[in-house]
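Asks: just a sequence and a predicted model for now, questions to come.
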Amino acid sequence: MNVKTWWLPAVVLGVIGMGPIAPAIASVAPSQPAIGDTTVFASVPAPGHPFGVAVDTNRVYISTSAGDFFANPATGGHLNSDGERVFAYDKNGSLVATTSIATMPNSNMGLFGLALDGNPGPDHQLYIADMNGRILRLSVGQKNATPRLFAQAPLAGGWMVTMWNDLVFDRAGNLFMTDDKPRIWRVTPDGQASIWFTDPRLTGFFGFAGGPLGGRIDPTGKFLYFTITISATFPGEAVVYRLRLVDHPTASDLQVVHRFPVVPGQQLPQAAGLAFAESGNIYVGLIGTNQIAVLDPAGSEIRRISSPLFDSPWGLAFMGQSLLVTNASIEPFESPDHWKVLKVFVGESGLPLNRPRASGDDGTA
């Protein structure tokens with residue numbers, strides 16, 4: 001899975017007027033980058049493999065997922081025994097803080113989704129999805145904060161049983177979690193987790209993997225949109241579904257938004273993270289073809305963005321009129337040189353995410 005792009009500066013010309021020789025300089029405004037122009041926003045140090053991304057007022061947070069889920073030392077696999085990281089960058093892409101996240105025993109999955117609450121000052125919290133079935137909460141408004149457990153799946157067996165991928169707040173402060181087993185979870189503001197929806201149509205191609213991955217709530221606040229990485233229902237295809245945000249959704253509440261077909265001779269599309277623009281356009285990372293797909297509000301594809309910089313475009317988040325895209329660079333062709341956060345100009349602003357006020361453990365030691 002792979003990613004890449006860049007832009008060119010404008011040229012300023014001078015104009016010489018007639019009559020007495022006197023230089024006249026015509027100011028030419030810098031040209032706007034083209035849609036899809038891609039640059040490197042930041043490099044991600046070890047353990048690399050950036051997955052999740054969240055954009056705050058003056059910080060960008062990146063989570064890592066270095067665990068190898070084909071962890072077999074005899075074949076070069078590994079557990080992420082060194083733990084994972086949440087890196088904080090300023091808006092210029094400079095690394096300003098690092099938080100170490102201890103992994104669960106014998107863990108071979110890492111971190112993914114990130115969500116921010118709306119608490120002010122020192123009570124500002126970052127919620128972190130651990131794909132081993134837990135949510136951590138970190139106070140990013142305080143120095144030297146320690147991540148604390150906020151919620152945990154009430155099912156034993158690790159990621160093979162429950163793999164919490166992405167997380168997003170609704171307006172009431174509930175967190176919705178994608179789980180490729182295949183389920184959607186809801187976590188109430190007090191940290192109580194329960195299965196909110198499950199349906200065979202969400203099953204991934206491999207049964208235990210390939211199901212729900214990225215998730216976001218639409219501009220109306222009435223639907224949860226989520227990706228299926230590799231569908232079993234539509235074999236090999238990537239799918240975007242939406243599900244009505246009601247207390248007890250039924251099978252009839254599940255709707256197909258878009259299917260990414262399998263193209264003979266090409267990699268499977270493999271949908272990962274998604275993000276909404278204010279316009280209602282939907283941006284979807286395709287880690288198989290190393291592209292960003294753009295869907296209109298009705299679900300029709302209107303554009304593909306490609307770049308030689310892309311290497312598994314996993315997580316997506318808006319910053320201004322650009323998308324920040326995590327370059328996961330995962331198996332089987334991982335490259336530490338590709339552990340980047342990319343900035344992709346898309347020419348429109350993102351939909352503000354729900355950031356409810358939260359209470360409870362502030363995450364300090």
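Replies: Nice, I can see it.
Asks: centroid-nearest residue for this structure?
Replies: Taking CA atoms, centre = their mean as the criterion, Gly315 is the residue nearest the geometric centre of the chain, at 2.4 Å.
Asks: please tell me I have it right and that residue contacts Leu342.
Replies: No: counting by CB atoms under 8 Å, Gly315 sits too far from Leu342 to count as a contact (10.7 Å). The C-beta positions use only the backbone N, C-alpha and C, and glycine is treated the same way.
Asks: ends of stretch 259-275, what's the gap?
Replies: By CA to CA, to the nearest Å, the extent of stretch 259-275 from end to end equals 17 Å.
Asks: got the buried residues for that stretch?
Replies: Residues of stretch 259-275 classed as buried: Arg259, Phe260, Val262, Leu268, Pro269, Gln270, Ala271, Ala272, Gly273, Leu274, Ala275 (neighbour count, 16 or more other CB atoms under 10 Å).
Asks: and stretch 184-198, by the same measure?
Replies: By neighbour count with 16+ other CB under 10 Å, stretch 184-198 contains the buried residues Ile184, Trp185, Arg186, Val187, Pro189, Ala193, Ile195, Trp196, Phe197, Thr198.
Asks: so which of those is the closest to Thr103?
Replies: Ala193 (19.7 Å; CB to CB).
Asks: who are the contact partners of the closest one?
Replies: For Ala193, the contacting residues are Ala151, Gln152, Ala153, Pro154, Met177, Trp185, Arg186, Val187, by CB atoms under 8 Å, 6 or more residues apart in numbering.
Asks: if we only consider those, which is nearest to Ser100?
Replies: Nearest member of these to Ser100, counting by CB to CB, is Gln152, at 19.6 Å.
Asks: can you tell me how far the closest residue in space to the closest one that isn't next to it in sequence is from Val341?
Replies: Using CB to CB, 6 or more residues apart in numbering and skipping the chain neighbours, the partner closest in space to Gln152 is Arg134 (4.4 Å). In this view, Arg134 and Val341 are 24 Å apart by CB to CB, to the nearest Å.
Asks: on that earlier part again, could you dump the contacts of Ala193 to JSON lines with pLDDT and distance to Ala293?
Replies: Below are those laid out as JSON lines (pLDDT from 0 to 100; distance: CB to CB, whole Å):
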{"residue": "Ala151", "pLDDT": "96", "distance to Ala293": "31"}
{"residue": "Gln152", "pLDDT": "94", "distance to Ala293": "33"}
{"residue": "Ala153", "pLDDT": "92", "distance to Ala293": "30"}
{"residue": "Pro154", "pLDDT": "91", "distance to Ala293": "35"}
{"residue": "Met177", "pLDDT": "97", "distance to Ala293": "23"}
{"residue": "Trp185", "pLDDT": "97", "distance to Ala293": "26"}
{"residue": "Arg186", "pLDDT": "98", "distance to Ala293": "27"}
{"residue": "Val187", "pLDDT": "97", "distance to Ala293": "29"}
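Asks: just to revisit the earlier point, which of the buried residues of stretch 259-275 fall in strands?
Replies: Using DSSP state E, the members of the buried residues of stretch 259-275 that fall in strands are Arg259, Phe260, Ala271, Ala272, Gly273, Leu274, Ala275.
Asks: once you drop chain neighbours, what's closest to the last one?
Replies: Spatially, and ignoring its direct neighbours in sequence, Ala275 is nearest to Leu316 (4.1 Å; CB to CB, 6+ apart).
Asks: identify the bridge partners of that neighbour.
Replies: Here Leu316 sits in beta bridges with Val325, going by DSSP bridges.
Asks: surely it and Leu274 touch.
Replies: Yes: counting by CB under 8 Å, Leu316 does reach Leu274; the two are 6.4 Å apart.
Asks: between those two, what contacts are shared?
Replies: Taking CB under 8 Å, 6+ apart as the contact rule, Leu316 and Leu274 both touch Gly214, Tyr283, Val284, Gly285.
Asks: quick one: Pro219 and Ile282, what's the gap?
Replies: Look at Pro219 and Ile282: by CB to CB, they are 10 Å apart.
Asks: out of those two, which sits in the busier spot?
Replies: Neighbours were counted for Pro219 and for Ile282 using other CB atoms under 10 Å; Ile282 has more, 27 against 15.
Asks: hmm, back to that, for the residue nearest to the centre of the chain, give me its contacts.
Replies: Contacts of Gly315 (CB under 8 Å, 6+ apart): 50-53, 63, 112-114, 214, 272-273, 285, 325-326.
Asks: what pLDDT does the nearest residue to Thr178 once chain neighbours are set aside get?
Replies: Closest residue in space to Thr178, ignoring its immediate chain neighbours: Pro212 at 3.8 Å, by CB to CB, 6+ apart. You'll see Pro212 listed with a pLDDT of 97.
Asks: in the sheet, who's paired with Pro212?
Replies: Ile228.
Asks: is it correct that it is in contact with Asn165?
Replies: Yes: using CB under 8 Å, Pro212 is in contact with Asn165, at 6.8 Å.
Asks: thanks again, I'm all set now.
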